[in-house]
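>>> Predicted model, plus sequence, below.
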Amino acid sequence: MNPGPLAGIRVTEFTSAWAGPYASCILAFLGAEVIKVESRRRLDHARNLSFSTGKRFSGPNESSVFNNLNLNKKSVTLNLSKPRAVEIAKQLAAASDVVLENFRPGVIPRLGLGYEELKRLKPDVIYLSSSSCGQTGPHREYVGYAPNFAAVGGFSHITGYPDWPPSNFMGSMDLRSATTSAFAILAALIYRKRTGEGQYIDLASQETIAVLAGDILLDYFMNGRSPGRKGNRDEWMAPHNCYRCRGEDNWVSIAVSTEKEWRALCRVMERPELIEDPRFSDPSARRRNQEALDEEISRWTRDRDYYEVTALLQGAGVAAAPSLSSEGLFRDPHLQTRDIYMQVDHPQMGKDWVIRPPWRLSKTPASIRRHSPLLGEHNQEILGGLLGISEEEIRRLEEEEVIY
């Protein structure tokens with residue numbers, strides 16, 4: 001198996017939840033050795049609970065959520081409330097190329113594991129701090145999770161229907177933040193390879209979301225307008241909506257941007273008279289009469305399968321796609337063909353479904369090589385083998401709950 005483009009890079013992480021762990025998981029997909037520092041004293045809650053489904057797991061090694069977020073990693077258990085554990089963590093960081101943490105700003109430096117301290121031990125270290133609102137500014141100490149990132153990043157306010165409150169977002173916001181963290185670390189690794197210098201990365205999850213809302217920011221900068229919620233409607237395109245199809249809660253997304261696409265849609269629906277209908281004869285007219293337009297399209301889609309509608313419209317050059325549920329995503333024939341899902345053997349859960357990396361490198365492919373680590377699974381390998389701590393001292397540190 002190809003070791004990956006980051007083979008030889010060692011990453012130590014002090015992270016929990018989703019945004020931090022998935023960032024290092026991406027690096028692990030690419031071949032980096034990732035060592036997760038954790039503790040029974042302060043377990044990563046993904047080991048115990050799924051925020052998305054509300055499911056609680058019976059033990060720290062039985063979470064499919066944790067498994068998906070921590071593939072290919074190693075685990076050591078250090079109780080960072082103990083000074084000796086902090087000393088060991090410093091040794092580990094000094095033997096690493098990259099360090100990640102997502103504690104609340106100020107906490108990790110107080111533990112003695114901040115960037116300035118670790119830089120003295122390893123001058124070329126790349127150190128990323130991920131937090132809700134960044135390491136500076138009046139909100140630096142705010143606690144945040146995915147719904148908060150979406151709210152302060154501007155996404156919640158513009159998502160939903162006009163008479164609805166702002167929409168709530170869940171884990172996808174964490175994964176956007178995580179992907180940005182991985183991108184920043186890769187850029188820092190390239191810079192270090194060219195110059196020999198490490199650096200500090202201050203990443204605010206709020207900003208990783210806000211920068212993706214470029215069009216609404218530009219609208220405010222240039223026109224003084226602050227867009228609100230408008231459901232599935234678009235400023236210019238019509239039709240632009242989701243339409244009910246055959247089956248329970250099945251929908252298809254259809255978007256038309258040109259007159260050519262509009263005429264093609266009408267021909268596929270076998271309604272050529274709509275092309276010249278004064279209500280729909282040009283883009284402005286279609287936007288003014290979107291409710292009537294949506295009813296015409298819904299009348300055609302509601303008794304058809306959403307894959308059938310998609311195939312008919314795509315064959316005519318019209319943008320259409322099924323709106324897939326989680327079950328639909330899992331069973332989607334295109335994703336199945338591309339092998340986006342695979343099963344890994346986990347020593348406690350058995351075969352567990354996980355999601356492959358969504359990018360395919362032809363020379364150095366990203367890969368899933370092993371399940372997520374059991375809690376403290378690699379204590380002997382890392383503490384004894386890498387750091388040279390004797391078996392006798394490891395046993396003593398376990399008794400003292402330094403290794404815990």
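Structure received.

>>> give me the number of residues near N241?
By the measure other Cβ atoms under 10 Å, the count of residues near N241 is 20. The C-beta positions use only the backbone N, C-alpha and C, and glycine is treated the same way.

>>> So, low pLDDT: which residues of the stretch 301-404 of the chain?
Applying pLDDT under 70 to the stretch 301-404 of the chain flags no residue at all.

>>> Now for the nearest residue to R369 once chain neighbours are set aside: which residues touch it?
In space, R369 comes closest to N72 once its chain neighbours are excluded; the distance is 5.3 Å by Cβ to Cβ, 6 or more residues apart in numbering. Contacts for N72 (Cβ atoms under 8 Å, 6 or more residues apart in numbering) come out as 25, 28-29, 34, 368-370.

>>> Report the buried members of these.
Among those, those classed as buried by neighbour count (16 or more other Cβ atoms under 10 Å) are 25, 28-29, 34, 368.

>>> of all these, which two lie farthest apart?
Taking Cβ to Cβ, the two most distant members of these are V34 and I368; they sit 12.9 Å apart.

>>> quick one: the closest residue to T77 other than its chain neighbours from Y307, how far?
Spatial nearest neighbour of T77, excluding adjacent residues (Cβ to Cβ, 6+ apart): G376 at 3.8 Å. As judged by Cβ to Cβ, to the nearest Å, G376 and Y307 stand 47 Å apart.

>>> Kindly report the same for G137.
As judged by Cβ to Cβ, G137 and Y307 stand 48 Å apart.

>>> More neighbours: these two, which one.
Of the pair G137 and Y307, Y307 is the one with more neighbours under other Cβ under 10 Å, namely 17 against 12.

>>> Would you check that the more buried one makes contact with L324?
No. Using Cβ atoms under 8 Å, Y307 is not in contact with L324; the gap is 10.1 Å.

>>> one step back: any idea how far the residue nearest to R369 lies from R192?
Taken as Cβ to Cβ, the span from N72 to R192 is 22 Å.

>>> Report the central residue of the chain.
L175 (1.3 Å; Cα atoms, centre = their mean).

>>> Now the helix or strand of the chain with the lowest mean pLDDT: buried residues?
Counting by mean pLDDT, DSSP states H and E, the chain has its least confident helix or strand at helix 214-223, which shows a mean of 89. Within helix 214-223, the residues that count as buried by 16+ other Cβ under 10 Å are I216.

>>> And the contacts of that helix?
154, 158, 210, 225-227.

>>> how far is the helix or strand following it from where the chain is centred?
Downstream of helix 214-223, the next assigned helix or strand under DSSP states H and E is strand 240-244. Distance of strand 240-244 from its chain centroid, counting by Cα atoms, centre = their mean, to the nearest Å, is 26 Å.

>>> Pull up the pairing partners for strand 240-244, direction included.
With DSSP bridges as the test, strand 240-244 is paired with strand 251-255 (antiparallel).

>>> In contact with the residue nearest to S81 when sequence neighbours are not counted, which residues?
Closest residue to S81 apart from its sequence neighbours, by Cβ to Cβ, 6+ apart: R41 at 6.5 Å. Going by Cβ under 8 Å, 6+ apart, R41 touches 79, 81, 401, 404.

>>> now do R104
Per Cβ under 8 Å, 6+ apart, neighbours of R104: 131, 141, 143.

>>> what do you get for I254?
239-243, 265, 297, 301, 309, 313, 318-320.

>>> Just put the residues you listed in JSON lines and tack on distance to D282.
Formatted as JSON lines, these follow (distance: Cβ to Cβ, whole Å):
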{"residue": "P239", "distance to D282": "14"}
{"residue": "H240", "distance to D282": "15"}
{"residue": "N241", "distance to D282": "18"}
{"residue": "C242", "distance to D282": "24"}
{"residue": "Y243", "distance to D282": "22"}
{"residue": "L265", "distance to D282": "15"}
{"residue": "I297", "distance to D282": "17"}
{"residue": "T301", "distance to D282": "23"}
{"residue": "V309", "distance to D282": "25"}
{"residue": "L313", "distance to D282": "21"}
{"residue": "V318", "distance to D282": "18"}
{"residue": "A319", "distance to D282": "19"}
{"residue": "A320", "distance to D282": "22"}
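
>>> which among those gets closest to S50?
Using Cβ to Cβ, the contacts of I254 come closest to S50 at C242, 26.8 Å.

>>> what's across from the closest one in the sheet?
S253.

>>> before we move on, the earlier item: just give me the closest of the contacts of R41 to I394.
Nearest to I394, judged by Cβ to Cβ, of the contacts of R41 is Y404 at 11.9 Å.

>>> Correct me if wrong: the closest one contacts N79.
Yes. Look at Y404 against N79 with Cβ under 8 Å: they come within range, at 4.2 Å.

>>> Widest-spaced pair of the contacts of N72?
With Cβ to Cβ as the measure, no two of the contacts of N72 lie farther apart than V34 and I368, at 12.9 Å.

>>> following the helix or strand in which Q343 is found, which helix or strand comes up?
According to DSSP H and E, Q343 maps onto strand 341-346. Once strand 341-346 ends, the next helix or strand along the chain (criterion: DSSP H and E) is strand 350-355.

>>> pLDDT of the longest helix seen in the chain, averaged?
If you go by DSSP state H, the chain has its longest helix at helix 171-195. Mean per-residue pLDDT for helix 171-195: 97.

>>> Would you mark the buried spots in that helix?
Residues of helix 171-195 classed as buried: 171, 173-182, 184-186, 188-189, 192 (neighbour count, 16+ other Cβ under 10 Å).

>>> How about the contacts made by Y191?
Y191 neighbours (Cβ under 8 Å, 6+ apart): 197, 199.

>>> Just give the number of residues close to the nearest residue to G154 once chain neighbours are set aside.
Once flanking residues are discounted, G154 sits nearest to A213: 4.6 Å by Cβ to Cβ, 6+ apart. A213: 15 surrounding residues under other Cβ under 10 Å.

>>> Read off the pLDDT value for A213.
What the model reports for A213 is a pLDDT of 86.

>>> check contacts around the residue nearest to the centre of the chain.
By Cβ under 8 Å, 6+ apart, the residues touching L175 are 18-19, 22.

>>> so how many other residues sit close to K73?
Under the neighbour criterion other Cβ under 10 Å, K73 is assigned a count of 24.
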